[in-house]
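Trainee: got a predicted structure here, sequence first:
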Amino acid sequence: MNEAWAFGGWITYQSGWLLDTFSMGASLYGSAPLYAPDDRDGTLLLKPGQEGYYVPAEAWGALRYEEYALLKGYRQRVDQTYINSQDNRMTPNTLPGRDARGQAVLAPVPRRLPLEDQAAQRRRVHQHVGAGRGGADSNDGVGLLGVRLTPLPGLRIDLSNQYGINTFNTFYAEAEYLWPLSEDWKLRIGAQITDQRAVGDALLPAADGKYWATQAGGARVQAIYRDLTLTGAFSITGAGNTIQSPGGAFLGSSA
């Protein structure tokens, strides 16, 4: 059994916007043992051997043009679909890459629709994928493209695709609608689907054949009364393989 209690924290610096155009930031994270038996190593809260650590995690610079475009790189936190901070660890995942975001107006709708475009070659992500799942000799990278649309008040649609070269491709779609019933009552409904399949050289261990494919889906209904929320949800995963999420938390638990 793996067992450890740990405490930690971080120091973060983020500048303002120079000439309303340039910003930069950096973070230092750390973790230290409170209770960590040597024979129960492996929680990933500490270094191997149940030892504490500190690590410079984030170091980035960003350029923006008003509210329409943002370009950010180098080492940074990413919170997108299957590449995310994974907040059940002492230190979040941070990844080297380039992050481009913007907003677009789709005529003739008279409101601005937010559009998020994540495009990157994230080598460290793919190294983590390989080391954890059987492709340790690969350093090909991962690309992520995501779009968020709000075409109607209360309606949000997220679409993203994560392509791990020579490992697997993950397509994710989610829709959510908030329906006001009265001044005090609201109803929120949502659904999500994931399609994941081996691609390229398929370096991960074979599941249902070397070029496996699987899907996962879920739905959620929430009745909201003022500050109280009652939630009902379900999710299901296909038989081709378990959902792979080495770059962050598995979204199926939040259908």
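Mentor: Yep, that arrived. Every value quoted in this text rests on a predicted model; they were computed, and no experiment measured them.
Trainee: please make it C-alpha for all contacts and neighbour counts, starting now.
Mentor: Noted.
Trainee: before we move on, what SS does Asp39 have?
Mentor: Three-state assignment for Asp39 (DSSP: H, G, I helix; E, B strand; the rest coil): helix.
Trainee: next one: it from Arg77, what distance?
Mentor: 32 Å (C-alpha to C-alpha, to the nearest Å).
Trainee: neighbour-wise, which of these two wins?
Mentor: Arg77 (19 against 11; other C-alpha atoms under 10 Å).
Trainee: I'd say that one and Ser85 touch.
Mentor: Yes - checked against C-alpha atoms under 8 Å, the pair Arg77 and Ser85 is within contact range at 6.5 Å.
Trainee: ranges for the helices of the stretch 1-150 of the chain?
Mentor: 123-133 (DSSP state H, counting those that start in this stretch).
Trainee: mind showing which ranges of it have poor pLDDT?
Mentor: 87-88, 94-139 (pLDDT under 70).
Trainee: show me the contacts for Phe168.
Mentor: 196-200, 202 (C-alpha atoms under 8 Å, 6 or more residues apart in numbering).
Trainee: could you do Ala36 as well?
Mentor: 3-6, 50.
Trainee: now, of the residues you listed, which are buried?
Mentor: By neighbour count, with 16 or more other C-alpha atoms under 10 Å, those hold 3-4, 6, 50 as buried.
Trainee: need these in a markdown table with distance to Gly146, can you?
Mentor: Listed next are the buried ones among the contacts of Ala36 as a markdown table, based on distance: C-alpha to C-alpha, whole Å:
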| residue | distance to Gly146 |
| --- | --- |
| Glu3 | 37 |
| Ala4 | 36 |
| Ala6 | 35 |
| Gln50 | 38 |
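Trainee: of the residues you listed, which belong to strands?
Mentor: Judged by DSSP state E, those include Ala6 as members of strands.
Trainee: which one of the buried ones among the contacts of Ala36 is nearest Trp212?
Mentor: Distance to Trp212, by C-alpha to C-alpha, is smallest for Glu3 among these, at 34.0 Å.
Trainee: could you chop this structure up by domain?
Mentor: Domain assignment for the chain by automatic domain parsing gives 1-65, 66-254.
Trainee: most tightly packed of those?
Mentor: Among these, domain 66-254 has the highest mean neighbour count (mean count of other C-alpha atoms under 10 Å), at a mean of 17.
Trainee: so which of the contacts of Phe168 sit within strands?
Mentor: Counting by DSSP E, the contacts of Phe168 contribute 196-198 to strands.
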